[in-house]
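Peer 1: Return atomic coordinates for the entry below.
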Amino acid sequence: MRGVTEAPRTAPRADDEPPLLDELMPWSVAPLRFGRGWIVAPDARTLRARWDRLTAAEGAEREALFRPSRARTPGSSVAALPGQRTGTVRFARESGPCPAPVRVAPGPFDEQWLLPDHRLIDTARPELWRVAGEPQLFAVEQGYVPGAAGPALLVTAALPEGRSPAGRPGRIRPLFRRPGGHEPNLAPGLLDFLGRRYGRGVDARAWLAWTVAAAVPSPAGCRVPLPRDPEVWAAGVALGRELVDVQTRGALSGTKPRLPGGRRPYVRSAVPARPAEMTYEAGDEALCLGDGRISPVPVEAWEFRVGGVRVLEQWFAHRTAPAEPGSLEAIGPAAWPKEWTSELLDLITVLALVGAREAERAAFTAEAAGPRAGAELRAAGVLPPPGRARRPASVLDHLEEGPGGQFTLV
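Peer 2: Next comes the predicted model:
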């Protein structure tokens, strides 16, 4: 209307949204970049066979098999990864035995094996290797995909690559800043603030449990609502503890996850040597790998997605995708190994258990629509976190082998 001046629109204040996980767990690391697919495999035997093939080659053949990149070539000179006993001579002259493969998580719910040799990895993030190992847990913030189904935050005890199934980069947030579970990776004063808010002691694992239960995705990153009601907090922590334990395959409880009611997926027909496809028969709750058949497979497991991608299909593709003939990636099992079937049965159980709790988890993510805690956190001096909290902690008592076998003090 003429004569009426419209008030200028202003951007929402930070306190109008739940606080960002980036503020509450300040130290985060970008995804790893392996750089060459042949250094990762679903079984350790394959990696040893690839290593032997590569070190048996010489000159131009070795370089071609290596697959050089801008970051790594057979002539690169780099330090060993923290905690790993590998050679540090230039790989062009490497003739030693294969290093012991380590367990990593190259994708959500997908644990495989990696050659932990810094000379082979484009971007290894040594700061993560320094703090890996029990009781460390890694919270992996998934890359934002508008409208995509699936949790915004996952937890793994294995070193994660940090990318979504669709390849979007996320952020890796260790729960602890130092080896041995020392110094939680949290904004200074956060645990004391939560203890006063809820009238009970809150430790780093309780915080992680609540975050897994309640984190909501946003274009700016995961946001974490903090309820006022202590009972809501306690219920969310209880749910989150169960989800973390299932996602880490019983790392917290020491008990392997199982479906309720005595249900358990079984192999009804053996998986063929080279299954070409994976399908699902909802009526029979059957997962079919070629002529192989596994049931019962709850629909929650089949439909479980991360970043909009079905996890079971991605897991299968990582084990059956064709490789370039003559490449190191083409070296693999001659037939479907029995241990892959065992891992698949475990994965089905994990996805079914996590998927069945999504409706419960939604009740806690709905807390994002309730009262905000940002202003209280700022008034208490918890936010913004100091700059030092965003940097990795110094490790002053750990010897690491530098290029050419020389040791450096980090």
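
Peer 1: Nearest residue to Arg85 in space, ignoring adjacent ones along the chain?
Peer 2: Pro99 (6.9 Å; CB to CB, 6 or more residues apart in numbering). No exception for glycine: its C-beta is placed from N, CA and C like everyone else's.

Peer 1: Spatially central, which residue of the protein would that be?
Peer 2: Pro160 (4.0 Å; CA atoms, centre = their mean).

Peer 1: give the contact list for that residue.
Peer 2: When the contact criterion is CB atoms under 8 Å, 6 or more residues apart in numbering, the partners of Pro160 are Leu32, Val104, Ala105, Phe138, Val140, Ile172.

Peer 1: Among those residues, which ones are in strands?
Peer 2: The strands in this structure, assigned by DSSP state E, contain Val104, Ala105, Phe138, Val140, Ile172 from those.

Peer 1: Look up how far Leu239 lies from the second one.
Peer 2: In this structure, Ala105 lies at 22 Å from Leu239, with CB to CB, to the nearest Å as the measure.

Peer 1: same check, this time on the last one
Peer 2: Note on Ile172: its distance to Leu239, by CB to CB, is 23 Å.

Peer 1: which one of those two has more residues nearby?
Peer 2: The neighbour count for Ile172 versus Leu239, taken as other CB atoms under 10 Å, is higher for Ile172 (24 against 20).

Peer 1: hang on, the more buried one packs against Phe138?
Peer 2: Yes: with contact defined as CB atoms under 8 Å, Ile172 reaches Phe138; the gap is 5.6 Å.

Peer 1: shared neighbours of these two, which are they?
Peer 2: With CB under 8 Å, 6+ apart, Ile172 and Phe138 have common neighbours Leu128, Pro160.

Peer 1: Count the residues that sit near the residue lying closest to Leu353 once chain neighbours are set aside.
Peer 2: Computed as CB to CB, 6+ apart, the closest residue to Leu353 that is not its neighbour in sequence is Val246, at 4.8 Å. Other residues near Val246 number 22, with proximity taken as other CB under 10 Å.

Peer 1: Same check on Cys288?
Peer 2: Neighbouring residues of Cys288 were enumerated by other CB under 10 Å; the total is 20.

Peer 1: Please work out which residues outside stretch 247-263 touch it.
Peer 2: Contacts of stretch 247-263 (CB under 8 Å, 6+ apart): 109, 137, 154-157, 205, 212, 241, 244-246, 264-265, 296, 298, 346, 349-350, 352-354.

Peer 1: Where strands are concerned, which of those count?
Peer 2: Among the contacts of stretch 247-263, the members falling in strands (DSSP E) are Leu154, Val155, Thr156.

Peer 1: Kindly reformat those as JSON lines containing neighbour count, pLDDT and distance to Glu281.
Peer 2: Converted to JSON lines, those look like this (neighbours: other CB atoms under 10 Å; pLDDT from 0 to 100; distance: CB to CB, whole Å):
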{"residue": "Leu154", "neighbour count": "25", "pLDDT": "97", "distance to Glu281": "28"}
{"residue": "Val155", "neighbour count": "25", "pLDDT": "98", "distance to Glu281": "31"}
{"residue": "Thr156", "neighbour count": "23", "pLDDT": "97", "distance to Glu281": "30"}
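
Peer 1: Which residues belonging to stretch 238-247 are considered buried?
Peer 2: Applying a neighbour-count criterion of 16 or more other CB atoms under 10 Å, the buried positions in stretch 238-247 are Leu239, Gly240, Arg241, Glu242, Leu243, Val244, Asp245, Val246, Gln247.

Peer 1: quick one: contacts for the residue lying closest to the fifth one once chain neighbours are set aside?
Peer 2: In this case it means Leu243. In space, not counting the residues next to it along the chain, Leu243 is nearest to Val212; the distance is 5.2 Å by CB to CB, 6+ apart. Each residue near Val212 by CB under 8 Å, 6+ apart is listed here: Ala139, Pro151, Leu153, Leu154, Val155, Gly240, Leu243, Val244, Gln247.

Peer 1: Which of these sits closest to Val382?
Peer 2: For the contacts of Val212, the residue nearest Val382 by CB to CB is Ala139; the value is 18.5 Å.

Peer 1: Is the closest one in contact with Leu175, as I believe?
Peer 2: Yes: taking contact to mean CB under 8 Å, the distance of 6.6 Å between Ala139 and Leu175 places them in contact.

Peer 1: and for those two, which residues touch both?
Peer 2: With contacts defined as CB under 8 Å, 6+ apart, the residues adjacent to both Ala139 and Leu175 are Leu208.
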